[in-house]
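>>> Kindly return the folded structure for what I paste below:
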Amino acid sequence: MFGYPAKDTQKIVSLGIPVIEDTAQSIGAKIDGKLVGSFGKINVLSFYATKMITTFGEGGAVLTNDKNLYKKIKSLKSYDKNVEFELRYNYKITEVQSAMGMIQLKYLAKFVEKRKKFLRYTKKN
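Prediction:
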């Protein structure tokens, strides 16, 4: 939360427990040199206005390296292109919102540094 990653994530993963990481406010943070969001099975991001990256509205992303999970997630968000019935939802964001998020990714390191600067300032005062 607020850029502080859960340091016990690696321990939980090593127990064989499936982990879903939420890095909406800690994207860009690292644990032992490894980016948060890369430890668990799934990483979720929110792009709301108060998060590290925003898409100027609602929206989010689900990230995974697991091909089966990827196919399932993709299937669940594409409710209008499936023949077989399965409860699905419209979790899509617009192309314009996605483009804004992609542009902000280029500035992620600057956003992280700016928050670190704020933290240092608040610790002094």
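
>>> show me the contacts for residue 38.
For residue 38, the contact set (Cβ atoms under 8 Å, 6 or more residues apart in numbering) is empty. Every C-beta, even on glycine, is put in place using the N, C-alpha and C of the backbone.

>>> So it belongs to a strand, correct?
No - using DSSP: H, G, I helix; E, B strand; the rest coil, the secondary structure at residue 38 is coil, not a strand.

>>> what's the distance between it and residue 49?
Taking Cβ to Cβ, to the nearest Å as the measure, residue 38 falls 25 Å from residue 49.

>>> Now do the helices for the chain: every range, in order, please.
Ranges of helices within the chain are 9-14, 67-77, 95-105, 108-124, based on DSSP state H.

>>> could those be laid out in CSV, adding distance to residue 84, mean neighbour count and mean pLDDT?
Formatted as CSV, the helices of the chain follow (distance: least, Cβ to Cβ, whole Å; neighbours: other Cβ atoms under 10 Å; pLDDT from 0 to 100):
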stretch, distance to residue 84, mean neighbour count, mean pLDDT
helix 9-14, 33, 13, 87
helix 67-77, 9, 12, 88
helix 95-105, 27, 14, 91
helix 108-124, 39, 11, 85
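
>>> need these in JSON lines with distance to residue 28, can you?
Compiled in JSON lines, these are given as follows (distance: least, Cβ to Cβ, whole Å):
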{"stretch": "helix 9-14", "distance to residue 28": "15"}
{"stretch": "helix 67-77", "distance to residue 28": "23"}
{"stretch": "helix 95-105", "distance to residue 28": "10"}
{"stretch": "helix 108-124", "distance to residue 28": "4"}
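
>>> quick one: contacts of stretch 53-65?
Residues contacting stretch 53-65 (Cβ under 8 Å, 6+ apart): 24, 27, 37, 41-49, 70, 73, 91, 93-94, 97-98, 100-101, 104-105, 108, 111.
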